[in-house]
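S.K.: Fold the following, please.
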Amino acid sequence: MKTPKDFQDFPYSSVEQKTESEIVASNIMTILRKSGNKFRKLSYREYKKVRLEDGSYSDIEEMYFKRVVGYCTSAKKAMSFSPAWNK
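M.R.: Next comes the predicted model:
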């Protein structure tokens, strides 16, 4: 069974076709991996908290988070997000 650690490659050529969406999706998978390595629906509040702690957060991320968070709730959904994640 796949877990978030199996989705650490950058999700190029995603269904969003936006680098910003791909970066946020990658950030979500990293947060999931570091917080128990289980798929779940990450809240924006938790995402923002972790990103602020990283010192790399930008307010623009919220728009992309809303677009991609659903793809990061299961391995099956993640595999449909990008060819890089469909291995």
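
S.K.: Now do residue 57 against residue 9, distance only.
M.R.: 23 Å (Cβ to Cβ, to the nearest Å). Any C-beta I mention is one placed from the backbone N, CA and C, and that applies to glycine too.

S.K.: no no, residue 66
M.R.: 23 Å.

S.K.: Compare residue 57 and residue 9 and say which is more crowded by neighbours.
M.R.: Each of residue 57 and residue 9 has its neighbours counted (other Cβ atoms under 10 Å); residue 57 has more, 16 against 13.

S.K.: so the more buried one touches residue 49, yeah?
M.R.: No - taking contacts as Cβ atoms under 8 Å, residue 57 lies outside contact range of residue 49: 9.1 Å.

S.K.: Quick one: name whatever helix or strand follows the longest helix seen in the chain.
M.R.: Longest helix of the chain, by residue count under DSSP state H: helix 19-34. As assigned by DSSP states H and E, the chain's next helix or strand after helix 19-34 is helix 44-54.

S.K.: Please name the residues that touch residue 44.
M.R.: By Cβ atoms under 8 Å, 6 or more residues apart in numbering, residue 44 lies in contact with 62, 65-66, 69.

S.K.: List phi and psi for residue 55.
M.R.: Note on residue 55: backbone dihedrals following degrees, to the nearest 10 are phi 80, psi 20.

S.K.: Pull the number of nearby residues for it.
M.R.: When neighbours are defined as other Cβ under 10 Å, residue 55 has 6 of them.

S.K.: before we move on, what about residue 23?
M.R.: 16.

S.K.: Report the contact partners of it.
M.R.: Applying Cβ under 8 Å, 6+ apart to residue 23 gives the contacts residue 64.

S.K.: any idea how far residue 38 is from it?
M.R.: Distance from residue 23 to residue 38, counting by Cβ to Cβ: 22 Å.

S.K.: re earlier: got the CA coordinates for the longest helix of the chain in PDB?
M.R.: Output of helix 19-34 as PDB, limited to C-alpha atoms (Å, rounded to 0.1, in the frame of the first residue of the first chain):
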ATOM      1  CA  THR A  19       4.000  24.900 -11.400                       C
ATOM      2  CA  GLU A  20       2.500  26.700  -8.400                       C
ATOM      3  CA  SER A  21      -0.100  23.900  -8.000                       C
ATOM      4  CA  GLU A  22       2.600  21.300  -8.300                       C
ATOM      5  CA  ILE A  23       4.700  23.000  -5.700                       C
ATOM      6  CA  VAL A  24       1.800  23.100  -3.200                       C
ATOM      7  CA  ALA A  25       0.900  19.500  -3.900                       C
ATOM      8  CA  SER A  26       4.500  18.500  -3.300                       C
ATOM      9  CA  ASN A  27       4.500  20.600   0.000                       C
ATOM     10  CA  ILE A  28       1.300  18.800   1.100                       C
ATOM     11  CA  MET A  29       2.900  15.300   0.500                       C
ATOM     12  CA  THR A  30       6.000  16.400   2.500                       C
ATOM     13  CA  ILE A  31       3.900  17.600   5.400                       C
ATOM     14  CA  LEU A  32       1.800  14.300   5.300                       C
ATOM     15  CA  ARG A  33       5.000  12.300   5.200                       C
ATOM     16  CA  LYS A  34       6.500  14.100   8.200                       C
END
